[in-house]
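A.B. asks: need the 3D shape of this:
(one chain, ligands or ions: 1)
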Amino acid sequence: MPLIACPDCNQRISTVAVNCPACGRPNLPPQSYESESSGILSLLQILIIVAGVIIAVLFKANGIGALGYGLIVLGLLLVIFRVAK
Ligand SMILES: [Zn+2]
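C.D. replies: Numbers count the residues shown, from 1 in each chain. As a prediction, this is how the structure comes out:
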C-alpha cells in the first residue's frame, strides 16, 4: 500500500485513504479530476451535435444547413478522438 504526503499537513497517508487521518483533508484520487473534465467534454460534444442537428434541420433549405452538418461531423470526431484515447 503506497504512502503519499498529505498536501495540507504533510502527514504520510495511504493512497487509498478516503481522508487524511491527521487533518481530515479528503484524499481524492487523481482520476476523479479526469472523469470530471471528461464529463464536461462529453456534454460539450452532445451540445455541438445537437446544435448541428438543429441548424441542419432548420436551415436545410439554404446554405447555413451545411454548417449544421459540419458541427455534427465535428462533434462525432471529438467523440471518436475521446474513445481512441
Ligand atoms: Zn493532512
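
A.B. asks: what is the burial count for residue 2?
C.D. replies: 6 (other CB atoms under 10 Å). C-betas here are computed from N, CA, C, even on glycine.

A.B. asks: so it touches residue 12, yeah?
C.D. replies: No - taking contacts as CB atoms under 8 Å, residue 2 lies outside contact range of residue 12: 10.1 Å.

A.B. asks: tally of neighbours for residue 27?
C.D. replies: For residue 27, using other CB under 10 Å, the count is 16.

A.B. asks: now it. Nearest residue, chain neighbours left out?
C.D. replies: residue 17 (5.0 Å; CB to CB, 6 or more residues apart in numbering).

A.B. asks: mind listing the helices for this protein?
C.D. replies: For the chain, the helices defined by DSSP state H cover 30-58, 65-84.

A.B. asks: where's the nearest residue to residue 67 once chain neighbours are set aside relative to residue 72, distance?
C.D. replies: By the measure of CB to CB, 6+ apart, the closest residue to residue 67 outside its immediate chain neighbours is residue 55, 5.7 Å from it. Going from residue 55 to residue 72 by CB to CB, to the nearest Å gives 9 Å.

A.B. asks: then residue 78?
C.D. replies: 11 Å.

A.B. asks: lowest average confidence, helix or strand, in this protein?
C.D. replies: Taking mean pLDDT, DSSP states H and E as the measure, helix 30-58 is the helix or strand of the chain with the lowest mean score, a mean of 73.

A.B. asks: ok, back up a step: and of the helices of the chain, who's closest to the ion?
C.D. replies: helix 30-58 (16.9 Å; CB to the ion).

A.B. asks: returning to what we had before: nearest to residue 7, of the helices of the chain?
C.D. replies: Distance to residue 7, taken as CB to CB, is lowest for helix 30-58 among the helices of the chain, at 12.2 Å.
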